[in-house]
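Asker: make a model of this:
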Amino acid sequence: MQSDSAWEVHALFAKARLLHLCVWSLFLCTASSQIGFCQVLDEFSAKGKSVLEGVNITPEMVPIIQEKASKGDAKSQYVLAWLYFSGQSVEKNNALAVQWMTKAANQDYKFAQTQLGLMYLAAKNIPENYVLAREWLVKGAAHGENDALNALGVIYSQGLGVETNGQEAVKYFRQAADAGFDMAQYNLGYQYYTGKLVQQDYKEAAKLFQQAAQQDHVRAAYSLGVMYRDGQGVPQDGAEAIRFFQKVAENHHFSAAEHNLGAMYYAGKGIPQNFVFAYMWLSLAADAGFEPSKKLLPTVSEKMTPEQIAEGKQKAQNWSKAHAI
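Answerer: Reported below is the predicted structural model:
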């Protein structure tokens with residue numbers, strides 16, 4: 001009979017497949033009243049970490065994984081790499097994470113190939129990191145790995161170790177987007193929205209943002225709010241813009257959405273003018289460090305009575321308490 005630890009390790013292998021969906025953010029998104037830009041990857045995501053934590057792996061179980069990994073088991077090498085990368089049950093060690101992920105990748109373990117490529121893409125301190133990233137991501141993409149396809153789109157759209165190539169970027173984004181990968185749907189939508197690498201097409205951008213937003217992609221939902229507010233690729237509809245901004249603000253405390261809600265309440269655009277709610281949303285965004293809200297808040301305050309300001313502050317405090325902020 002297998003020990004409880006052995007069964008836990010087996011469960012970890014079963015869940016390891018989910019880890020390749022982890023998304024990081026290499027480029028800071030420019031959140032403003034317009035559509036921001038966000039692509040892949042820098043730090044271990046909360047989603048990926050929660051998968052590891054959900055397995056309840058203990059330090060006592062690590063030797064079992066290490067033994068299997070040392071004997072050449074690719075899945076064990078992959079899991080061990082994640083443990084070192086996340087610092088769960090072992091001391092965090094990026095060098096060992098890359099070492100074990102490389103061993104698994106060299107055995108054509110597709111999830112390891114993709115994750116190794118993502119690690120190199122983020123490792124700016126490693127010479128030729130973009131070259132190494134692309135080498136492994138191409139292998140992951142050959143297996144149909146959506147993370148790899150999306151990351152290759154980032155490489156070509158940003159010119160990371162290669163010449164910027166809109167055609168190649170769109171090709172990779174499209175493959176992952178058509179497979180239902182929300183990050184690629186957003187990234188491809190962004191390309192059509194800006195028109196920097198492809199012909200600008202607001203309708204196509206809105207369609208792709210909608211697909212990603214249906215999967216609760218925060219920036220896609222926010223971007224749809226902007227497009228409905230401004231009538232870009234969709235009918236101008238203030239109420240629909242408010243709906244998207246409200247959803248993103250309520251569910252994710254997304255500062256740009258909070259700012260837009262505050263600005264729309266202040267201007268009475270798409271919603272009845274309400275200085276108290278304007279103050280509430282702007283102060284939430286300002287408290288989170290969002291500069292446009294910091295600049296607008298004094299202007300709004302000048303038009304308010306002391307009683308209204310006090311009410312706006314109280315609403316913001318109540319909201320923060322209710323959302324555990």
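Asker: CA only for contacts and neighbour counts going forward, please
Answerer: OK.
Asker: pretty sure residue 197 contacts residue 188?
Answerer: No: counting by C-alpha atoms under 8 Å, residue 197 does not reach residue 188; the two are 10.3 Å apart.
Asker: thought residue 313 was touching residue 280?
Answerer: Yes: judged on C-alpha under 8 Å, residue 313 makes contact with residue 280 at a distance of 6.2 Å.
Asker: who has more neighbours out of residue 197 and residue 188?
Answerer: Remark: of residue 197 and residue 188, residue 188 carries more neighbours, 28 against 15, as counted by other C-alpha atoms under 10 Å.
Asker: which residue is the nearest non-sequential neighbour of the more buried one?
Answerer: Distance criterion C-alpha to C-alpha, 6 or more residues apart in numbering; nearest residue to residue 188, sequence neighbours excluded, is residue 173 at 5.7 Å.
Asker: what is the burial count for that neighbour?
Answerer: Residue 173: 31 neighbours (other C-alpha under 10 Å).
Asker: element containing it?
Answerer: For residue 173, the host element (DSSP states H and E) is helix 166-178.
Asker: what's the answer for residue 278, then?
Answerer: helix 275-287.
Asker: average pLDDT for that helix?
Answerer: In this model, helix 275-287 has an average pLDDT of 97.
Asker: likewise for stretch 205-218?
Answerer: When pLDDT is averaged along stretch 205-218, the result is 97.
Asker: which residues are contacting it?
Answerer: Defining contact as C-alpha atoms under 8 Å, 6 or more residues apart in numbering, one finds that stretch 205-218 is touched by 180-183, 185-186, 188-193, 219-221, 223-224, 227, 233-234, 248, 252.
Asker: just the buried members of these?
Answerer: Buried positions within those, assessed by neighbour count (16 or more other C-alpha atoms under 10 Å), are 181-183, 185-186, 188-193, 219-221, 223-224, 227, 233-234, 248.
Asker: quick revisit: can I get the helix holding residue 278 as CSV, trimmed to CA atoms?
Answerer: Only the C-alpha atoms of helix 275-287 are listed here, as CSV (Å, rounded to 0.1, in the frame of the first residue of the first chain):
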residue,chain,number,x,y,z
PHE,A,275,-20.2,64.4,-6.2
VAL,A,276,-20.3,62.0,-3.2
PHE,A,277,-19.9,58.9,-5.3
ALA,A,278,-17.3,60.7,-7.4
TYR,A,279,-15.3,61.5,-4.3
MET,A,280,-15.7,57.9,-3.0
TRP,A,281,-14.3,56.3,-6.2
LEU,A,282,-11.6,58.8,-6.7
SER,A,283,-10.4,58.6,-3.2
LEU,A,284,-10.2,54.8,-3.4
ALA,A,285,-8.1,55.1,-6.5
ALA,A,286,-6.0,57.9,-5.0
ASP,A,287,-5.3,56.0,-1.8
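Asker: what is the subsequent helix or strand relative to it?
Answerer: helix 291-302.
Asker: buried residues in that next one?
Answerer: 292-294, 296-297, 300-301.
Asker: and what of stretch 86-98?
Answerer: Applying 16+ other C-alpha under 10 Å to stretch 86-98 flags 86, 88-89, 92-94, 96-98 as buried.
Asker: what's the distance between the residue nearest to residue 188 and residue 146?
Answerer: Residue 173 is 9 Å from residue 146, where distance means C-alpha to C-alpha, to the nearest Å.
Asker: likewise residue 87?
Answerer: The gap separating residue 87 from residue 146 is 25 Å, by C-alpha to C-alpha.
Asker: residue ranges with poor pLDDT in the stretch 1-150 of the chain?
Answerer: For the stretch 1-150 of the chain, the stretches with pLDDT under 70 are 1-55.
Asker: mind checking the end-to-end distance for stretch 100-111?
Answerer: Per C-alpha to C-alpha, stretch 100-111 runs 13 Å from first to last residue.
Asker: helices along the stretch 151-300 of the chain, start to end?
Answerer: 166-178, 182-194, 202-213, 218-230, 238-252, 255-267, 275-287, 291-302 (DSSP state H, counting those that start in this stretch).
Asker: what's the neighbour count on residue 165?
Answerer: 16.
Asker: now it. Nearest residue, chain neighbours left out?
Answerer: Per C-alpha to C-alpha, 6+ apart, closest to residue 165 is residue 156, 5.3 Å.
Asker: next: residue 181.
Answerer: residue 146 (6.5 Å).
Asker: one more: residue 267?
Answerer: residue 273 (6.2 Å).
Asker: now the one you found: how far from residue 66?
Answerer: 62 Å.
Asker: residue 83 too?
Answerer: 11 Å.
Asker: more neighbours, these two?
Answerer: residue 83 (23 against 17).
Asker: contact partners of the helix or strand hosting the more buried one?
Answerer: Per DSSP H and E: residue 83 is located in helix 74-86. Outside helix 74-86, the residues within contact range by C-alpha under 8 Å, 6+ apart are 12-13, 16, 44, 49, 62, 65-66, 68-70, 89-94, 96-101, 103-105, 107, 109, 112.
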